[in-house]
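1. no FASTA, just this:
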């Protein structure tokens, strides 16, 4: 929080612009004590540091979204970019859809990393085992 301290020495007059400002908010008795005994004036600004973002429509985590995500799984950068606009709630919903467990206190960054790891796990195991084609399961 930005703040500024003004130390006023005892027995001196306040600068006129400061005195006018303080008269708006404090009683005359308080100003007389400040002039007589001196003191510290602390001015601080408490304002929100980030502007509120405009509300956006929620992104639906549906079959089409999952298919688009699946098509990007070869590039972790593309997947990360694709997941960036999702809120934590939407990321958790996505994890539920793909069966990826997530820690309850995980940050959005951690959840994105887990999703990327989950999506790329099949390719990693295929490379380890030496198989080129992707494994398919029969339904």
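-> On my side now, so go ahead. For clarity, every value in this text was computed on a predicted model and none was experimentally measured.

2. Please parse the protein into its domains.
-> Domain ranges of the chain: 3-44, 63-129, per automatic domain parsing.

3. Tell me which of the ones you listed lies nearest to residue 54.
-> Nearest to residue 54 among those is domain 63-129 (12.7 Å), distances taken as Cβ to Cβ. C-beta here means a position set from N, CA and C on the backbone, and glycine is covered the same way.

4. so how far does that closest one reach from one end to the other?
-> 30 Å (Cα to Cα, to the nearest Å).

5. same question, stretch 32-41
-> End-to-end for stretch 32-41, by Cα to Cα: 14 Å.

6. Find the residue ranges of the protein scoring beneath the pLDDT cut-off.
-> 49-53, 132-139 (pLDDT under 70).

7. so where's the longest helix in it?
-> Ranked by residue count and defined by DSSP state H, the top helix of the chain is helix 108-129.

8. Distance from the chain centre to that helix, please.
-> 24 Å (Cα atoms, centre = their mean, to the nearest Å).

9. what's the most buried one of the domains of the chain?
-> Comparing the domains of the chain by mean neighbour count (mean count of other Cβ atoms under 10 Å), domain 63-129 ranks first with a mean of 14.

10. Can you lay out the domains of the chain as CSV showing distance to residue 55?
-> Output for these, formatted as CSV (distance: least, Cβ to Cβ, whole Å):
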stretch, distance to residue 55
domain 3-44, 31
domain 63-129, 11
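
11. where's residue 13 relative to residue 24, distance?
-> To residue 24, residue 13 is 18 Å away according to Cβ to Cβ, to the nearest Å.
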